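Enquirer: Sequence first, predicted model second:
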Amino acid sequence: MKYAYAGDREISCNILTYIISKGYKPSLLLVNDNTSTTHADKLIEISGLNDDKIIRGKQFTNPENIEKLKALNLDYIIGIHFPLIIPNEVLDCPKIGFLNLHPAYLPYNKGWHTPTWAILDKTTYGATLHFMSEKLDAGDIIHQKALEVNKDDTANSLYERVLKLEEQVFYEALPDILSLNPTRIKQIEQGTSHNRKDLFKINEISLEENIRAGDLIDKLRALTTNRVDEFAYFIHNSKKYALEIKITEKEHEL
């Protein structure tokens, strides 16, 4: 297997380490270079590649770098939590395809804030390895696994659990990927999709609103992420108050 690797976050480091441990070193590495990047340096270290084999930030969309990708005659580009938009010219570079690992059970929860919408929309949740396509998260599925959403889950706790499941999905699919003829299951249903701004359309709670207790709890769960600016909030006397929730299951039986 000949591949380029594109990633960020700890999960991408874990998966790249695993692939290399199986005897497959990347031909090229794509890393992000903006202020939100967390693991670019670690990925570079793990890859063991020289600087001329590292493409940083949006430079991978430059014509000369697209030609470099094409010249490598890659089977795949493997994307693990790579945060940049991939243009069609790059999607078309590898012979077999550009693979993406997504924290959702496609076709449900395409796009952003997948744990939040799994809780609010009560959709099936999980992790999916799929081919990238021009349309967001709509490509053929290679492998996926479902994850039960517990009543004490917040978006943050659910995300931490799905990260572990994503790794499992990738490791289980790796032999299929190495065959160079991986499974391709078309997404028949339209599913659900949300963009980054959708969360900020729902996170205000009006103090005058009548709402079922169960719906309010679910909303607080869904908006308890790892970022205060994404929390549910209410406004009182021109001040904004953020809300987060912690749910603990009682040990004794009812």
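Expert: It's in. Numbering: from 1, shown residues only.

Enquirer: shouldn't L29 be in contact with I44?
Expert: Yes: L29 lies in contact with I44 (C-beta atoms under 8 Å); the separation is 6.5 Å. (Glycine included, C-beta is placed from N, CA and C.)

Enquirer: What residues are bridge-paired with the nearest residue to I54 once chain neighbours are set aside?
Expert: Of all residues not flanking I54 in the chain, L29 sits nearest, at 5.2 Å (C-beta to C-beta, 6 or more residues apart in numbering). The partner list for L29 in beta bridges (DSSP bridges) reads Y5, I54.

Enquirer: Could you tell me how many residues sit around L29?
Expert: Using other C-beta atoms under 10 Å, L29 is surrounded by 21 other residues.

Enquirer: what does I247 give?
Expert: By other C-beta under 10 Å, the residues close to I247 number 14.

Enquirer: Contact partners for it?
Expert: Taking C-beta atoms under 8 Å, 6 or more residues apart in numbering, we find I247 in contact with K151, D152, T154, I217, R221.

Enquirer: Dump those to CSV, plus pLDDT.
Expert: Putting these into CSV (pLDDT from 0 to 100) gives the following:
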residue, pLDDT
K151, 94
D152, 95
T154, 97
I217, 96
R221, 97
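
Enquirer: out of these, who has the most neighbours?
Expert: R221 (27 neighbours).

Enquirer: can you give me the helices for the chain?
Expert: Using DSSP state H, the helices of the chain run over 9-21, 40-47, 63-71, 88-91, 114-121, 155-178, 213-222.

Enquirer: For the longest one, output the C-alpha coordinates as CSV.
Expert: In other words, helix 155-178. Extracted in CSV, the C-alpha atoms of helix 155-178 (Å, rounded to 0.1, in the frame of the first residue of the first chain):
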residue,chain,number,x,y,z
ALA,A,155,-21.7,15.6,24.1
ASN,A,156,-18.2,15.7,25.6
SER,A,157,-18.3,12.2,27.2
LEU,A,158,-19.9,10.8,24.1
TYR,A,159,-17.1,12.3,21.9
GLU,A,160,-14.5,10.8,24.2
ARG,A,161,-16.1,7.4,23.8
VAL,A,162,-16.5,7.7,20.0
LEU,A,163,-12.8,8.5,19.6
LYS,A,164,-11.9,5.1,20.9
LEU,A,165,-14.5,3.5,18.6
GLU,A,166,-13.1,5.3,15.6
GLU,A,167,-9.7,3.7,16.3
GLN,A,168,-11.3,0.3,16.6
VAL,A,169,-13.2,0.8,13.3
PHE,A,170,-9.9,1.8,11.5
TYR,A,171,-7.9,-1.1,12.9
GLU,A,172,-10.6,-3.6,11.9
ALA,A,173,-10.8,-2.2,8.4
LEU,A,174,-7.0,-2.0,7.8
PRO,A,175,-6.7,-5.5,6.3
ASP,A,176,-9.5,-4.6,3.9
ILE,A,177,-7.6,-1.4,3.0
LEU,A,178,-4.4,-3.3,2.5
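
Enquirer: just checking, what packs against it?
Expert: helix 9-21, strand 97-102, helix 114-121, strand 126-131, strand 141-146 (3 or more C-beta pairs under 8 Å, 6 or more residues apart in numbering; DSSP states H and E).

Enquirer: Show me how this structure divides into domains.
Expert: Annotated domains of the chain cover 3-194, 197-243 [automatic domain parsing].

Enquirer: Quick one: neighbours of N226, just the number.
Expert: Neighbours around N226, by other C-beta under 10 Å: 11.

Enquirer: actually K95, not the one I wrote
Expert: The burial count for K95: 11, using other C-beta under 10 Å.

Enquirer: Then the one 10 residues further on?
Expert: One way to gauge burial is a neighbour count; for Y105, by other C-beta under 10 Å, it gives 23.

Enquirer: check contacts around M1.
Expert: With C-beta under 8 Å, 6+ apart, M1 has these contacts: Y24, D75, Y76, I177, L178, L180.

Enquirer: ok, now which ones touch the fourth one?
Expert: It stands for I177. Counting by C-beta under 8 Å, 6+ apart, I177 touches M1, Y76, L99, I142.
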